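J.: Attaching a predicted model along with its sequence, questions to come.
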Amino acid sequence: MHKAVAIIPARFNAARFPGKPLALLKGKPIIQHVFERVSDAGLVEEVIVATDDKRIFDAVTAAGGRAVMTSGAHACGTDRIAEVARAMECDIIVNVQGDEPFIMPGMVDDTVMLLRDDEKASMSTLAVRIDNRADILSPDVVKVVTDNEGYALYFSRSPIPYYRDEWKDLGGISFSPRNTAVFKHIGIYGFRKEALMSFTSAPRCRLEEIEKLEQLRALSCGMKIKVKETVYNTFGIDTIEDLRKAEK
């Protein structure tokens, strides 16, 4: 049996929304919502918030959760979770973003099961079918395409695959639920422990720098990322406006 843990990276000084993890949503800090949702997953034995800020640490522990202080020098959340995971006895680590209060426990379990069921996969993640033209065009919505076995071929901020016959140009993109299959990448990752350590020690690759998508580093290193389609969508909170939308 593989031991799985979930680690939620959370930092205070987000450029677009400083203090975001402690912002209140329905009277509770965002990070508490995330911790509680992930804790309802059935296949993770432990849930930990990894943070470099004592205020976040105190808020999580006051709510009955477990938090670990990490270095403040990490360039990304994946590096932060690797610091925590390195000292843990575990086989699978699920990285859940600290600004995803609508994450479903079943999504966490699906991410774990992908790695339990497929020994060839180094990582796992989820995708949901896009149902509107705006998301296809939005660079803030990351798209993914997979091979016949469900392994990721590429992630992009651009519309992929590009329907050449139907879409004459980007401005002329149309959307048909029956004929258009474009998938939004859900930013939850499962890692085998050894894959996480290899990933965080690898240098950034050219495609990662261009698209600003760190999962492209894994593909460039030859890692296999298994992708499962989910029926659930998520709504990450990046700005004050997003928080207002989440309240509604």
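T.: On my side now, so go ahead.
J.: Around His33, count how many other residues there are.
T.: As a burial measure, His33 scores 22 neighbours (other C-beta atoms under 10 Å). Placement of C-beta: from N, CA and C, glycine included.
J.: Apologies, that question was intended for Ala134.
T.: Look at Ala134: counted by other C-beta under 10 Å, it has 9 neighbours.
J.: So that it lines up with my notes, have the first residue be 23 from now on.
T.: From this message on, residue numbering opens at 23, which makes the last subject Ala156.
J.: model confidence over the helix or strand it falls within, on average?
T.: Using DSSP states H and E, Ala156 maps to helix 155-159. For helix 155-159, mean pLDDT is 92.
J.: swap in stretch 194-214?
T.: On average, stretch 194-214 scores 88.
J.: Then stretch 137-150?
T.: Across stretch 137-150, the per-residue pLDDT values average to 97.
J.: who's in contact with Ala104?
T.: 218-219, 221-222 (C-beta atoms under 8 Å, 6 or more residues apart in numbering).
J.: Report the secondary structure state of Glu111.
T.: coil (DSSP: H, G, I helix; E, B strand; the rest coil).
J.: Arg59 too?
T.: helix.
J.: my guess is it meets Pro127, correct?
T.: Yes. Using C-beta atoms under 8 Å, Arg59 makes contact with Pro127 at a distance of 6.1 Å.
J.: quick one: average pLDDT of whichever helix or strand comes after the helix holding Ala156?
T.: Using DSSP H and E, the next helix or strand after helix 155-159 towards the C-terminus is strand 165-168. Over the span of strand 165-168, the pLDDT mean works out to 98.
J.: Sweet, I'm off.
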